[in-house]
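Visitor: Okay, structure incoming, though there's no sequence with it:
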């Protein structure tokens, strides 16, 4: 069987990402599924694909320093790939040049010249990078740099950018419906997190953990909203934006599979994943329903006013708290207007679901954003404008402070 060239596959995947609207993780998953990579080639492909996307602005800055020619899309991707290896990976320089030039087709001479010039001038280029503006140095768009400087200051902004550029660690939640954390620790090399007694850090997840539904892969920050909601066994709970099921299955775990969770999502495909995850983890108190809360369709009429003891609104958001994991999010945020538009969408969702909450019931609104428009400002406005909702608590996690993903949760009660 012929070996699949991981560099060629990476250039193809990067070109598809650049041209289309697909998220990077979906392109990566499709490529890894379609190609029979060796273990080493699989790791190389993943590292370079995500690495080039993370460092796109920095790599284009380097290309501008080293080359004055107009580049077609494929040649640019080939150069990005080669420069990323020279700058960020411990691969012999001659191997990087030889392998990368082979991908360049008619642009071989140009690619060869640029890469060799980079090697000759590498020390000087690193000094140029260190003196470049933060958006270039950390490879983030200016819209995010400006916002974070305003909200957090220069030092915290730099820390946040550095965090976003690190490869994400793997965290798993022990599924108490099937196993205890101690039992998991006896079967693999894992480290418990002191502040999160259900969470552990692993370098590689044993297949039996996944297949057997013994754990769920998620960042510790995702537990915040569920624990603030604090659902009790026997209660009726609505999870409005539930797929793929990380929070839903944790709610079921907290409730010991007693009571009822109605887990909703607008996407039928995502609901299929939720059902699969719930079944794998042994969740038996959850019913899935396809609902778009932003449309006045008939599906919402199946719910009665004041039907639920607790409601979780894990709203669509900008995802700025999880850029480390979702590497292409930074390039999808192009203007400040997007945050105000997201604010209106989130408020509309809260307006739609709040009548379904019982008097005295609890509603938790959450995001994986670190932007005030989507978090504190949204919670304040909801308390002022939505009849009966009283804001009682807010919490957040910040990567540069808490060493986990960014998240926000606000708890309301209905009076």
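Guide: Now that the structure is in, tell me what you want to look at. Quantities reported herein were computed from a predicted structural model and do not represent experimental measurements.
Visitor: So for residue 4, what pLDDT did the model give?
Guide: According to the prediction, residue 4 has pLDDT 80.
Visitor: List the contacts of it.
Guide: 35, 36, 37, 41 (C-beta atoms under 8 Å, 6 or more residues apart in numbering). In short, each C-beta sits where N, CA and C put it, glycine included.
Visitor: Surely the last one is in a helix?
Guide: Yes - with DSSP: H, G, I helix; E, B strand; the rest coil as the criterion, residue 41 is located in a helix.
Visitor: And the protein, split by domain according to the record?
Guide: 6-132, 133-166, 169-217, 219-414 (automatic domain parsing).
Visitor: Could I get the ones you listed in JSON lines, plus columns for mean neighbour count?
Guide: Output for the domains of the chain, formatted as JSON lines (neighbours: other C-beta atoms under 10 Å):
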{"stretch": "domain 6-132", "mean neighbour count": "17"}
{"stretch": "domain 133-166", "mean neighbour count": "17"}
{"stretch": "domain 169-217", "mean neighbour count": "16"}
{"stretch": "domain 219-414", "mean neighbour count": "19"}
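Visitor: Which members of the contacts of residue 4 are the farthest-apart pair?
Guide: 36 and 41 (9.2 Å; C-beta to C-beta).
Visitor: For the residue nearest to residue 137 when sequence neighbours are not counted, what is the enclosing helix or strand?
Guide: Among residues not flanking residue 137 along the chain, residue 129 sits closest, at 6.0 Å (C-beta to C-beta, 6 or more residues apart in numbering). Following DSSP states H and E, one finds residue 129 within helix 122-130.
Visitor: elements contacting that helix?
Guide: Applying 3 or more C-beta pairs under 8 Å, 6 or more residues apart in numbering; DSSP states H and E, one finds that helix 122-130 contacts helix 56-66, helix 134-137.
Visitor: Any chance of CSV for those, columns distance to residue 273 and mean pLDDT?
Guide: As requested, those are exported to CSV (distance: least, C-beta to C-beta, whole Å; pLDDT from 0 to 100):
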stretch, distance to residue 273, mean pLDDT
helix 56-66, 29, 98
helix 134-137, 35, 97
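Visitor: Of those helices, give the one that comes closest to residue 347.
Guide: helix 134-137 (30.3 Å).
Visitor: Please enumerate residues in contact with that closest one?
Guide: 57-58, 61, 129-130, 140-142, 145, 154, 157-158, 161.
Visitor: Make a markdown table from these and add distance to residue 381 to it.
Guide: Shown next, in a markdown table, are the contacts of helix 134-137 (distance: C-beta to C-beta, whole Å):
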| residue | distance to residue 381 |
| --- | --- |
| 57 | 34 |
| 58 | 37 |
| 61 | 39 |
| 129 | 41 |
| 130 | 42 |
| 140 | 28 |
| 141 | 27 |
| 142 | 27 |
| 145 | 26 |
| 154 | 29 |
| 157 | 26 |
| 158 | 31 |
| 161 | 29 |
